[in-house]
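S.K.: sequence and predicted structure below; questions after.
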Amino acid sequence: MAKTLFDKVWDQHVVKANDDGSVLLYIDRHLVHEVTSPQAFEGLRLAGRKPWRVSAAVATPDHNVPTIDRARGIEDPISRIQVEALAANCKEFGITEFGMDDIRQGVVHVVGPEQGLTLPGMTVVCGDSHTATHGAFGAIAMGIGTSEVEHVLATQCLIQKKPKVMRISVEGELPAGITGKDIVLYIIGKIGTAGGTGYAIEFAGSAIRALSMEGRMSVCNMAIEAGARCGMIAVDDVTLDYVKGRPFAPTGEQCGVAEAVWRELHSDSDAKFDHEIVLDAADIAPQVSWGTSPEMVLPVSASIPDTADARDATQKQGWSRALEYMGLEAGTAIEAIRVDKVFIGSCTNGRIEDFREAAKVATGYRMAASVKLTMVVPGSGLVKKQAEEEGLDRVFIAAGFEWREPGCSMCLAMNADRLESGERCASTSNRNFEGRQGAGGRTHLVSPAMAAAAAIKGHFVDVRNWKFR
Amino acid sequence: MQAFTTMKGLVAPLDRANVDTDAIIPKQFLKSIKRTGYGPFLFDEWRYEDVGQPEMDCTNRPLRSEFLLNQPRYQGATVLLARENFGCGSSREHAPWALLDYGFRCIIAPSFADIFYNNCFKNVILPIVLDGRIMDALFAECTATEGYSLGIDLQAQRVVTPSREGFSFDVDAFRKQCLLNGLDDIDLTLQESAVIQSYETRRKSEAPWLF
Ligand code: SF4
């Protein structure tokens, strides 16, 4: 029978099917960070249990780590205890950890693929909703809660019900200046933040196939913002080229066998989906979110909507709260919105290609005097190193941006990097919730190029008209 | 694990859609390495005038009097009425921990975000999905009636109003059994150890690079 990509990977991981329709699903890779794991390790200890297969788990601290003055350690004692707890737990249970001084440290969803810890056809979990990122490799990658982190540590399995499968195809040639980030924001704007609830989403179509792995990861990363259990993309040459030679990828003879298996990881041509959406790439403009939910997003050429145009009472209420929180008025052109700070980084846009795009825009320019701070935060130590080898750091510094150490940073502001109340930020991260980047802070989600352009002009501009120097 | 069978409790109506986990428990509280103690910080930004910090004493913090949970009539609520897509956003289990620690044992909404929904069961909070129109009626009745309470019967899968009107709800059979009997799902899975091991043996020969 014809199978979807999701079905193929799922079926390979069913350890046991239960009578009630749930299955025991085997987990190949378990990524661990400091925020959602301490209670799980504590649970193991209290029950006297051992991890089922330590080699499946790899850990790195990312949420709490400082992005400057690493040598001084973590000043906030509560953050420090959490990062130390991760190191101690990994040591106690024998789990590989890329600690704060390791060049491989970084945002867990950047580190996984970079190290080849994420491979095509795997099941990947992490106590973090943006685990969806790894689906770009044709993997089933799901965010889980701490109880499930403990469950996976103890049993290497999860009890799961199979979700429905939706295919979102983006067809046609992507216009110049449009990135994976714009595609996924556009999709969320169309289907809403609950549009994918109960589904695994396969992103397909010629515009998706034309993306690099970095672009595909940005798309899958935000599948969770559409409410989906996971997002995934079929394996092709782009995937295989990316994986080849990574430290944890198969080598020698195994490499060829694996490749043959991985080449099967696509939906069969006559596979049936529970839901299908087809979008035209030509319709996608650079996106800017204006509200406090990722579905509140518009093309850069648009203006802030009027609550009178909301589709129902619930949306109207949501919009008016969002406008108030964001300090915006209906009818204001998005290009007229001025920003105080800019953040370029995160598991959505903290990879080498993202910094290349931002640097292209910043080359030969200076940050607007009205902008207080532009933080450029690489997703990992290795991304940082590569960017420096390519001279991207010098471009940013010459533009007046700050080039930082890797971590989650101002994506969620658990460390010292945050917005003050009322400050407005152009951010390449994935969430614009109230208070996400600091209590009272106002977030606009954009692509790296759009963020860099906003930093230079002091307000949003259409990067398609940028005069590159 | 504790069991959940039946309950009756005071209801608080949180009339907002897309309540995200950052709102339920802001990130600064995620630095704790414990499972308990989050109740005083539930909905911290909506509840207090100032910005909360982990481990602070909340007894004298200035309250936002208009916020639902600060109104005298909702003190002691154990059932939360919510709107669409409740619990969206991050996978943080700190969100159900905070709700539970505050005293909520049941959340009723027209829809929940997936990971949050799952996390509730792991913490003996029952998330119930009811149709939007029923939700509208419950919101209206609850707002109009001081001391409004609902009865929940998990075995019968029913929500019962003070006027004895009942609504049935769906719940996954496995999760229901775990809640009713207070079963620990890690124990249940470990009973399948032999099956997991034989799966691993087979996969090691098929796809050795995964091990
Ligand atoms: S970069 Fe942001 S979204 Fe990604 S894992 Fe870190 S905090 Fe979460």
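M.R.: Received, thanks.
S.K.: show me the helices in the stretch 301-450 of chain A, by range?
M.R.: Taking DSSP state H, counting those that start in this stretch to define them, one finds helices in the stretch 301-450 of chain A at A:313-326, A:346-349, A:352-362, A:381-389, A:392-398, A:448-457.
S.K.: nearest to residue A:242, of those?
M.R.: helix A:352-362 (11.2 Å; C-beta to C-beta). To be clear about C-beta, it is placed using only N, CA and C from the backbone, and glycine gets the same treatment.
S.K.: can you tell me which helix in chain A is longest?
M.R.: Across chain A, the longest stretch assigned as helix under DSSP state H is helix A:77-93.
S.K.: briefly note if that one comes near the ligand.
M.R.: No: Helix A:77-93 lies out of reach of the ligand by C-beta under 6 Å from any ligand atom, never closer than 13.4 Å.
S.K.: by contact count, what packs against the helix or strand following that helix?
M.R.: Next in sequence after helix A:77-93, counting helices and strands by DSSP states H and E, comes strand A:96-97. For strand A:96-97, the packing partners by 3 or more C-beta pairs under 8 Å, 6 or more residues apart in numbering or on different chains; DSSP states H and E come out as strand A:57-59, helix A:77-93.
S.K.: winner for burial among those?
M.R.: Mean neighbour count (mean count of other C-beta atoms under 10 Å in any protein chain shown) peaks for strand A:57-59 among those, with a mean of 25.
S.K.: and of the helices of the stretch 301-450 of chain A, who's closest to the ligand?
M.R.: Evaluated over those, closeness to the ligand peaks at helix A:346-349, with 3.2 Å, by C-beta to the nearest ligand atom.
S.K.: just the residues contacting that closest one, thanks.
M.R.: A:107-110, A:130, A:133, A:181, A:218, A:221-222, A:377, A:379, A:408-409, A:411, A:427-430, A:447-448 (C-beta atoms under 8 Å, 6 or more residues apart in numbering or on different chains).
S.K.: how far does that helix sit from the chain's center?
M.R.: Here helix A:346-349 is found 5 Å from its chain centre; the criterion is C-alpha atoms, centre = their mean, to the nearest Å.
S.K.: what residue in chain B comes nearest to the ligand?
M.R.: Closest point on chain B to the ligand, by C-beta to the nearest ligand atom, is residue B:90, at 6.9 Å.
S.K.: tell me the helix or strand right after the longest strand along chain B.
M.R.: For chain B, the strand with the greatest residue count under DSSP state E is strand B:6-13. Going down the chain from strand B:6-13, the next helix or strand is helix B:21-24, by DSSP H and E.
S.K.: does that next one come close to the ligand?
M.R.: No: counting by C-beta under 6 Å from any ligand atom, the ligand is not contacted by helix B:21-24; separation bottoms out at 10.6 Å.
S.K.: contacts for whichever helix or strand comes after that helix?
M.R.: Heading C-terminal from helix B:21-24, the first helix or strand you meet, by DSSP H and E, is helix B:44-47. Helix B:44-47 is touched from outside by A:434-435, A:439, B:23, B:25-26, B:29, B:51-52, B:63-64, B:67, B:69-70, with contacts defined as C-beta under 8 Å, 6+ apart.
S.K.: and helix B:44-47, what's its mean pLDDT?
M.R.: Mean per-residue pLDDT for helix B:44-47: 96.
S.K.: now stretch A:311-321
M.R.: Per-residue scores along stretch A:311-321 average to 93.
S.K.: buried stuff in it?
M.R.: Neighbour counts over stretch A:311-321 (16 or more other C-beta atoms under 10 Å in any protein chain shown) mark A:314, A:315, A:317, A:318, A:319, A:321 as buried.
S.K.: dump the longest strand belonging to chain A to CSV, restricted to CA.
M.R.: Determined from DSSP E, the single longest strand within chain A is strand A:164-171. Written as CSV, here are the backbone C-alpha positions of strand A:164-171 (Å, rounded to 0.1, in the frame of the first residue of the first chain):
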residue,chain,number,x,y,z
LYS,A,164,-3.3,12.4,11.1
VAL,A,165,-1.0,13.5,8.3
MET,A,166,-1.3,16.8,6.4
ARG,A,167,0.7,17.7,3.4
ILE,A,168,1.4,21.4,2.7
SER,A,169,2.9,21.8,-0.7
VAL,A,170,4.5,25.1,-1.7
GLU,A,171,4.8,25.0,-5.5
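S.K.: show the secondary-structure elements that that strand is packed against.
M.R.: In terms of contacts (3+ C-beta pairs under 8 Å, 6+ apart), strand A:164-171 is packed against helix A:180-191, strand A:199-204, helix A:206-209, strand A:275-280.
S.K.: next, the angle helix A:180-191 makes with that strand.
M.R.: 120 degrees (axes from the mean of the first three to the mean of the last three C-alpha atoms, to 10 degrees).
S.K.: re the thing from before, you'd agree the residue of chain B closest to the ligand is up against residue B:22?
M.R.: Yes: contact criterion C-beta atoms under 8 Å: residue B:90 and residue B:22 qualify, at 6.8 Å.
S.K.: who touches both of the two?
M.R.: Shared contacts of residue B:90 and residue B:22, counting by C-beta under 8 Å, 6+ apart, come down to residue A:431.
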